[in-house]
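S.K.: coords please:
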Amino acid sequence: MKSLTLVLPLVAMSVLLSPLDNAGAADTVSEAVYGKMPDGAEARVFTLTNANGMEAKVTEYGAILVSITVADKDGNFADVTHGYDTLEGWLTNTSYFGATVGRFGNRIANGKFTLEGKEYNLATNNDPGGIPCALHGGIKGFDKVLWKGESFENDTDRGVKLTYVSADGEEGYPGTLTTVVTYTLTDDDELIWEASATTDAPTVLNVVHHSYWNLSGDATTSINDHELTLYADHYLPTDAGLIPTGEVAPVAGTPMDFTTAHVIGARVEEDFEALKLGAGYDHAWVLSGEKDGDLTKAARLKDPETGRVMTIATNQPAIQFYGGNFLDGTVEGKGGVAYQHRSALCLETENYPDAPNNPKAPPAVLKPGETYYHKMIHAFSAE
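M.R.: Numbering: from 1, shown residues only. Reported below is the predicted structural model:
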């Protein structure tokens, strides 16, 4: 485990995730009370604004990215994420809009895994194809708890560091886990999401960021017209329960091939088993893009109408592309918009789904003395 990019020395991480010196910085971070939790605790929202006018809002509830405004090719700013206008709305969030999910993002087969000879049982809160699994950390995962936020800024970056301590046995997972998630908005129009974690006992971990994107800035439109590139030569076929089978399949010659830019909707209805099982795109791709240090080029998304572009780089081995197949108009979000089928997509960098049960997956176990580290850079531009 210590040889993987998922783990960095604790000393190094304390430098990466410590609050930055804000001496002389402009006032580009503000905070306010966003609302109250059912138990009366206050949840704050932090607003980050960069030198180019981009604005990102992050709340302590669920370590959620509430919104981010991005300029189009004509300089017009719009929010490009799905979500809610108020904390009360976010408290009803069952789609994981904008959330930090964990302890284990994505699915674990049958809600079971074995660690050091002991079997652990998790809540089975999802059943694609009628086959139960544990999804995104359980009934009350990281997306449904109150984190502790602390803002920081310097001359070129501003952000918020959020901390949550998950007790031993929470949602069935072993070990007391301390997780720190940091959102940083830079003057290079990058939104950097980082997660680090330490534990006092062996546990499994896959902390994932789960924003829903529509680069048009119009949540009533489909993302089927967006152009997507995934820097991945292989993907993970699944069974009917959307659990990887263990096969790592080439994308060449299939509608799973996004090694060059493709319009998302062009092949989504093709007669292809993976698309039938997922009701569209809902799979993990194994990354093979160019490296820049520990980071791998993962994805490029473009809305051809507005010219907005988002690229993603990460230190994780895979990316889950979910095409919004289960959005069905029953969720009313920002501005009262009912979010329709495929009106947004997710691009989640991560370890393999069901990694604790897959001997071919990169290790997903975190042990005392190790530090888990996940970095994901969203870079925005327009053309």
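S.K.: can we go C-alpha only for contacts and neighbour counts from here?
M.R.: OK.
S.K.: with adjacent residues omitted, what lies nearest to residue 107?
M.R.: Counting by Cα to Cα, 6 or more residues apart in numbering, residue 107 lies nearest to residue 135, which is 4.6 Å off, once chain neighbours are set aside.
S.K.: OK, contacts around the one you found?
M.R.: Counting by Cα atoms under 8 Å, 6 or more residues apart in numbering, residue 135 touches 104, 105, 106, 107, 108, 124, 125, 126.
S.K.: and those, which is closest to residue 58?
M.R.: Looking at the contacts of residue 135 and their distance to residue 58, the nearest is residue 105, at 19.4 Å (Cα to Cα).
S.K.: list just the nearest of the contacts of residue 135 to residue 64.
M.R.: Residue 64 lies nearest to residue 105 out of the contacts of residue 135, by Cα to Cα, at 14.4 Å.
S.K.: ok, the closest one - contacts?
M.R.: By Cα under 8 Å, 6+ apart, the contact list for residue 105 reads 135, 136, 137, 205, 206, 207, 208, 350, 353.
S.K.: could you find the closest non-adjacent residue to residue 121?
M.R.: Closest residue in space to residue 121, ignoring its immediate chain neighbours: residue 112 at 4.8 Å, by Cα to Cα, 6+ apart.
S.K.: and the one you found, how close does it get to residue 124?
M.R.: For residue 112, the distance to residue 124 (Cα to Cα, to the nearest Å) stands at 9 Å.
S.K.: coming back round to it: and of the contacts of residue 135, the nearest to residue 186?
M.R.: Distances from residue 186 to the contacts of residue 135, taken by Cα to Cα, are shortest for residue 105, at 26.2 Å.
S.K.: residues touching the nearest residue to that closest one once chain neighbours are set aside, list them.
M.R.: Excluding its sequence neighbours, the residue lying closest to residue 105 (Cα to Cα, 6+ apart) is residue 136, at 4.2 Å. When contacts are counted by Cα under 8 Å, 6+ apart, residue 136 touches 101, 102, 103, 104, 105, 106, 107.
S.K.: same thing with residue 322?
M.R.: Residues counted as contacts of residue 322 (Cα under 8 Å, 6+ apart) are 281, 282, 283, 345, 346, 347.
S.K.: looking at these, which two lie furthest apart in space?
M.R.: 283 and 345 (12.1 Å).
S.K.: rewinding a little: quick one: the contacts of residue 322 as a markdown table, columns for distance to residue 71 too.
M.R.: Formatted as a markdown table, the contacts of residue 322 follow (distance: Cα to Cα, whole Å):
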| residue | distance to residue 71 |
| --- | --- |
| 281 | 27 |
| 282 | 28 |
| 283 | 29 |
| 345 | 19 |
| 346 | 20 |
| 347 | 20 |
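S.K.: with adjacent residues omitted, what lies nearest to residue 311?
M.R.: residue 300 (4.3 Å).
S.K.: you'd agree that neighbour is in a helix?
M.R.: No. Secondary structure of residue 300 (DSSP: H, G, I helix; E, B strand; the rest coil): strand, not part of a helix.
S.K.: ok, residue 290 touching residue 296?
M.R.: Yes. At 5.7 Å, residue 290 counts as touching residue 296 under the criterion of Cα atoms under 8 Å.
S.K.: ok, back up a step: just give me the closest of the contacts of residue 105 to residue 28.
M.R.: For these, the nearest to residue 28 is residue 208 (26.4 Å; Cα to Cα).
S.K.: that closest one bridge partners, please.
M.R.: Note on residue 208: beta-bridge partners residue 101, judged by DSSP bridges.
S.K.: number of residues surrounding it?
M.R.: 26 (other Cα atoms under 10 Å).
S.K.: can you pull the pLDDT of it?
M.R.: Looking at residue 208, its pLDDT stands at 98.
S.K.: ok, now the one 10 residues further on?
M.R.: Per-residue pLDDT puts residue 218 at 98.
S.K.: the stretch 201-350 of the chain: helices as residue ranges?
M.R.: Assigned by DSSP state H, counting those that start in this stretch, the helices in the stretch 201-350 of the chain fall at 273-277.
S.K.: the helix or strand hosting residue 184 packs against which elements?
M.R.: Per DSSP states H and E: residue 184 is located in strand 177-186. The helices and strands touching strand 177-186, judged by 3 or more Cα pairs under 8 Å, 6 or more residues apart in numbering; DSSP states H and E, are strand 157-166, strand 190-199.
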